[in-house]
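Chemist: Sequence and predicted model, in that order:
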Amino acid sequence: MTSADLTRTILPDEKEKAAAVASSRQLAAFLSTTLDTQRIELVDDAQQREVIELPTFALRLLGDILSELAMGNAVKVVPIHAELTTQEAADLLNVSRPHLVKLLDEGVLPHTKTGRHRRVRFADLMGYKEQREQASRGAMAELAAQAQKLGYE
C-alpha cells in the first residue's frame with residue numbers, strides 16, 4: 001500500500017489566493033455538464049498550446065481544491081488506499097498520538113503493523129471520523145431538543 005506524504009504543508013500567498021478565486025469561478029461555469037470528460041487548454045511560457053481531456057470528476061475535484069486555496073487553506077490529496085503513520089492519523093483526527101494508539105490497541109480502528117510500526121488506512125480513518133462526527137451531531141441535536149423542552153433559548 002502507498003504511504004502518504006502528509007509532512008509538506010504549503011499555504012497559498014495572497015497572489016495565489018486571488019488566482020484561485022478567479023479560476024474557481026471560471027471553472028464552476030463548466031462543471032454543471034453531464035459530459036464524462038471535458039477538454040481544457042494549457043498554454044506554456046512560449047505560448048505553445050496543448051489541449052488535454054480530463055474526466056469531469058477530476059475537474060470537480062480541482063474546483064474543490066481551488067475553493068479551499070481561495071480561502072487560504074492548505075490542501076492535501078491522499079489516495080484512499082494510502083497508509084498513514086500513527087502521527088499522521090492523529091493529526092488528521094486532531095487527537096494526540098497516544099490517544100490514537102489507544103484506539104488502535106482497543107480495536108476501535110483497524111490497523112496493520114510493518115515491523116514495530118503501526119499503519120492506519122486512510123479510508124478506515126475517514127470512516128471512523130465520519131462515525132464520530134455523526135455521533136457528535138446526534139448528541140448536539142439531543143441537547144438542543146432538551147434545551148427547547150426546558151425552555152432555554
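Modeler: On my side now, so go ahead. Computed from a prediction, not measured in an experiment: that's the story for all the values here.
Chemist: Which strand or helix spans E53?
Modeler: Assigned by DSSP states H and E, E53 belongs to strand 49-55.
Chemist: could you say what helices and strands the lengthiest helix in the chain packs with?
Modeler: As assigned by DSSP state H, the longest helix anywhere in the chain is helix 122-149. With contacts defined as 3 or more CB pairs under 8 Å, 6 or more residues apart in numbering; DSSP states H and E, the packing partners of helix 122-149 are strand 83-84, helix 86-93. Where you see a C-beta, it was placed from the backbone N, CA and C, and this is true even at glycine.
Chemist: Of the ones you listed, flag the one that's most buried.
Modeler: Across the helices and strands packed on helix 122-149, averaging neighbours per residue (mean count of other CB atoms under 10 Å) puts strand 83-84 on top, at a mean of 22.
Chemist: Name the spans of the chain whose pLDDT lies under the cut-off.
Modeler: For the chain, residues meeting the criterion pLDDT under 70 lie at 1-9, 153.
Chemist: contacts for the host helix or strand of E41?
Modeler: Per DSSP H and E: E41 is located in strand 37-43. Applying CB atoms under 8 Å, 6 or more residues apart in numbering, the contact partners of strand 37-43 are F30, R49, E50, V51, I52, E53, L54, P55, T56, L59.
Chemist: Looking at these, which is nearest E14?
Modeler: Set against E14, the nearest of those by CB to CB is L59 (25.2 Å).
Chemist: Check the burial of M140 by counting its neighbours.
Modeler: 10 (other CB atoms under 10 Å).
Chemist: likewise the one 10 residues further on?
Modeler: Neighbouring residues of L150 were enumerated by other CB under 10 Å; the total is 7.
Chemist: phi, psi of it?
Modeler: phi -90, psi 0 (degrees, to the nearest 10).
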